[in-house]
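Colleague: Can you look at this prediction? I've put the sequence above it.
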Amino acid sequence: MLQSGFSSLTGGGILAVLVTVLVTWLFYAVTLHLAATFFIGDVPSQLAAKAATAPAVVSLILQRWGVESGVVSADLGVLVVLVLTMLADGIAISTTYRLSTRSTAPLVALHLAFAAVLGFALNNIFSFV
């Protein structure tokens with residue numbers, strides 16, 4: 001039952017969904033740790049692993065049930081997914097790293113920049129398109 005509901009997300013079964021969530025979480029954790037190390041200084045990587053869960057889950061859920069299901073248009077859907085993922089990222093960073101809003105906002109922007117650059121580079125290397 002669970003497998004049939006998620007099969008269109010990755011084109012496979014529950015294993016494909018779990019691997020997609022794991023890879024997305026790992027990508028967000030690595031880029032967040034890089035951004036936090038650059039912005040804050042020496043921080044434990046476990047904090048990035050905790051905070052990366054929220055944006056990974058939010059982005060995957062919004063892509064599946066927001067954009068693909070037709071709730072919003074594809075053009076507007078990208079903006080909605082980006083804004084809500086950044087909001088979830090900000091909340092997770094603020095609570096995990098115990099930062100104020102003034103300190104959280106630049107770290108979220110830096111995390112977005114690191115994720116965009118690394119995502120662009122990996123896309124060019126592995127040709128995911």
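Modeller: Great, that's in hand. Residues are numbered from 1 along each chain as shown.

Colleague: And the helices in the chain?
Modeller: 2-10, 14-39, 45-51, 53-62, 74-97, 101-126 (DSSP state H).

Colleague: Output the below-cut-off pLDDT ranges for this structure.
Modeller: 1-12, 66-74, 128-129 (pLDDT under 70).

Colleague: so who does the residue nearest to Phe39 when sequence neighbours are not counted touch?
Modeller: Spatial nearest neighbour of Phe39, excluding adjacent residues (Cβ to Cβ, 6 or more residues apart in numbering): Leu107 at 5.0 Å. For glycine as for every other residue, the C-beta is placed from the backbone atoms N, C-alpha and C. Residues in contact with Leu107 (Cβ atoms under 8 Å, 6 or more residues apart in numbering) are Ala35, Ala36, Phe39, Ile40, Ile93, Tyr97, Leu99.

Colleague: Buried subset of these, written for PyMOL?
Modeller: Here is the PyMOL selection string for the buried members of the contacts of Leu107, based on 16 or more other Cβ atoms under 10 Å:
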select buried, resi 35+36+39+93+97+99
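
Colleague: Among the contacts of Leu107, which one sits closest to Arg64?
Modeller: For the contacts of Leu107, the minimum distance to Arg64 (Cβ to Cβ) is 23.7 Å, reached by Ile93.

Colleague: Tell me which residues touch that closest one, please.
Modeller: Here Ile93 is in contact with Leu32, Ala36, Ala51, Leu99, Thr104, Leu107, Val108, His111 (Cβ under 8 Å, 6+ apart).

Colleague: Go again with 6 Å.
Modeller: Applying Cβ atoms under 6 Å, 6 or more residues apart in numbering to Ile93 gives the contacts Ala51, Thr104, Leu107.

Colleague: Comparing the helices of the chain, which comes out most buried?
Modeller: Ranked by mean neighbour count, the helices of the chain are led by helix 53-62 with a mean of 20 (mean count of other Cβ atoms under 10 Å).
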